[in-house]
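K.L.:
Sequence first, predicted model second:
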Amino acid sequence: MDPAGGCPHAANARLLARGAVAPVVLPGDVEAMAVIGHDALKEFLSHPDVAKGAAHFTALQEGLIPDGWPLKTFATVQGMTTADGDDHRRLRSLVSKAFTTRRVEALRGRVEEVTAELLDALEAAGGESGQQAIDLREHFALPLPMGVICELLGVDAEYQDQLHHLSNQIVATDIAPEDAMAANRDIVAVLSAVAASRTEKPGEDLTSALIAAREEDGDRLSGHELIGTLLLMIIAGHETTLNLITNAVRALCRHRDQLELVQNGKASWSDVVEETLRWDSPVSFFPFRYPTRDLTVDGTVIPRGTPVLAGYSAAGRDKAAHGEDADVFDLTRYTGSTTRHLSLGHGAHFCLGSSLARMEATIALERLFTRFPNLDVAVTEAELPRHASFVGNSVQQLPVTLR
């Protein structure tokens, strides 16, 4: 895997031509596997003999994974993404109270309010002609989900820029060991300060609720699990939606015929979100799962204890599942079809915040293109700097003109 990241789709196509499961080498020459075919990935994600806990990561347990390994946090953070069985159900049940249909719907007004404020700021930054290039990622796609998740968690605004910077470093795969260790120390320190603040002055936020649950029953949520859960929520709660909005804007600007379908009422903004999730998944390869026994997936044996990446960006363009035109961005694809993408996961670890992410992205895109129907990307696709990671899938900046 290229630690510098980049656009994954050409490499994915080459791998898919060979099969649904691919051996890969991670930074530090760590041998791993990636499940990249849609059907194989769907089976693997819900297989009873596949675990998330690092106790099943053979190389880690044998002391072969050093501190500062850029992907170590994905394996060792204590929270839902590294828990199995009863532990996973316990942690998920605590957090799921924040993501009920009613709770998410109650956030709609706030999402619309924040979106309107950001659009006003964009218009001011674009100048009277609307031809001043603005980084849409920094000034729109980022502050919307970051503001919402921090508000949900009760994180003060003063921490938001720092948390975004640190979470970017944690998902980077080309980071030096000392920088990776420093980023982990720093984000734990920030989240510990947030937890201490909410302990002293509880509010109507998820962090306060998690702390209260821990105090009522000391066995329910340890201090490490609290910090790990907050870390997961911050990263998953804004990085993925940030990439989703960014990738959707890029797709619509490069495919004006598809944008016209939505503007003419022949497709919906929900269609845009779903097709973007499939065609240009916000997450490319997500670490880790581990077979608890030698496991055969689509004819390939994955040895017990091997770290496995979930290849969401590859599965989204798998022609075996999505047809020969899987490389085409097509908003009519889901009409009357039962085929769906896996970009929000599958099985017990399906993304808990999926409904919130979909709502945020749908509102953001609808309001953005209603306000600025002629918005366009100001540079070529080749000029957009890519994420320095094979985990996240997007660009680092998105300069646009509004008119």
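P.N.:
Looks like it came in fine.
K.L.:
immediately after the helix or strand of the chain with the lowest mean pLDDT, which helix or strand?
P.N.:
The helix or strand of the chain with the lowest confidence, counting by mean pLDDT, DSSP states H and E, is helix 206-216 at a mean of 79. Next helix or strand after helix 206-216 toward the C-terminus (DSSP states H and E): helix 223-254.
K.L.:
tell me the mean pLDDT for that following helix?
P.N.:
Helix 223-254 carries an average pLDDT of 93.
K.L.:
Ok, stretch 308-328 next?
P.N.:
If you average the pLDDT over stretch 308-328, you get 96.
K.L.:
repeat for stretch 67-87
P.N.:
Mean pLDDT, stretch 67-87: 92.
K.L.:
Now that stretch: buried residues?
P.N.:
Buried positions in stretch 67-87, judged by neighbour count with 16 or more other CB atoms under 10 Å: 68-84, 87. Heads up, the C-betas are built off the backbone N, CA and C, glycines and all.
K.L.:
and the least confident helix or strand of the chain, what other elements does it pack with?
P.N.:
Under the contact definition 3 or more CB pairs under 8 Å, 6 or more residues apart in numbering; DSSP states H and E, helix 206-216 sits against helix 85-96, helix 143-153, helix 177-200, helix 223-254.
K.L.:
now it, how far from the centre of its chain.
P.N.:
Mean C-alpha position of helix 206-216 versus that of the full chain (CA atoms, centre = their mean, to the nearest Å) differs by 25 Å.
K.L.:
Renumber starting at 639 from here on
P.N.:
With the count now opening at 639, the last piece we talked about shows up as helix 844-854.
K.L.:
Report the angle between it and helix 723-734.
P.N.:
Here helix 844-854 runs at an angle of 130 degrees relative to helix 723-734 (axes from the mean of the first three to the mean of the last three CA atoms, to 10 degrees).
K.L.:
And the helices and strands packed on helix 844-854: which comes nearest residue 985?
P.N.:
Nearest to residue 985 among the helices and strands packed on helix 844-854 is helix 723-734 (10.9 Å), distances taken as CB to CB.
K.L.:
So what touches that closest one?
P.N.:
Under the contact criterion CB atoms under 8 Å, 6 or more residues apart in numbering, helix 723-734 has outside partners 690, 717-718, 721, 844, 847-848, 851, 858-859, 863, 867, 871, 986-987, 990.
K.L.:
can you do 10 Å?
P.N.:
Residues outside helix 723-734 that contact it (CB atoms under 10 Å, 6 or more residues apart in numbering): 689-691, 716-721, 737, 741, 844, 847-848, 851-852, 857-859, 863-864, 866-867, 870-871, 986-988, 990-991.
K.L.:
could you give the angle of that helix to helix 861-892?
P.N.:
Going by the same axes, to 10 degrees, helix 723-734 makes 60 degrees with helix 861-892.
K.L.:
Can you identify the element that follows helix 723-734 toward the C-terminus?
P.N.:
Downstream of helix 723-734, the next assigned helix or strand under DSSP H and E is helix 739-744.
K.L.:
Quick one: mean pLDDT for that following helix?
P.N.:
The average pLDDT within helix 739-744 is 86.
K.L.:
Can you list the buried residues in it?
P.N.:
Here helix 739-744 shows residue 742 as buried, counting by 16+ other CB under 10 Å.
K.L.:
Show me what it is packed against.
P.N.:
When contacts are defined as 3 or more CB pairs under 10 Å, 6 or more residues apart in numbering; DSSP states H and E, helix 739-744 sits against helix 992-1009.
K.L.:
export the helix it packs on as PDB, just CAs?
P.N.:
Extracted C-alpha coordinates of helix 992-1009, given in PDB (Å, rounded to 0.1, in the frame of the first residue of the first chain):
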ATOM      1  CA  SER A 992     -24.800   6.900   9.000                       C
ATOM      2  CA  SER A 993     -28.200   8.700   9.200                       C
ATOM      3  CA  LEU A 994     -26.500  11.800  10.500                       C
ATOM      4  CA  ALA A 995     -23.900  11.800   7.800                       C
ATOM      5  CA  ARG A 996     -26.500  11.300   5.100                       C
ATOM      6  CA  MET A 997     -28.600  14.100   6.500                       C
ATOM      7  CA  GLU A 998     -25.600  16.500   6.800                       C
ATOM      8  CA  ALA A 999     -24.400  15.800   3.200                       C
ATOM      9  CA  THR A1000     -27.900  16.000   1.700                       C
ATOM     10  CA  ILE A1001     -28.600  19.300   3.300                       C
ATOM     11  CA  ALA A1002     -25.200  20.700   2.500                       C
ATOM     12  CA  LEU A1003     -25.300  19.700  -1.200                       C
ATOM     13  CA  GLU A1004     -28.900  20.900  -1.800                       C
ATOM     14  CA  ARG A1005     -28.300  24.300  -0.200                       C
ATOM     15  CA  LEU A1006     -24.900  24.800  -1.800                       C
ATOM     16  CA  PHE A1007     -26.000  24.200  -5.400                       C
ATOM     17  CA  THR A1008     -29.400  25.900  -4.900                       C
ATOM     18  CA  ARG A1009     -27.500  29.000  -3.700                       C
END
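K.L.:
Check the offset of that helix from the chain's centre.
P.N.:
Once both centres are worked out by CA atoms, centre = their mean, helix 992-1009 turns out to sit 16 Å from its chain's centre.
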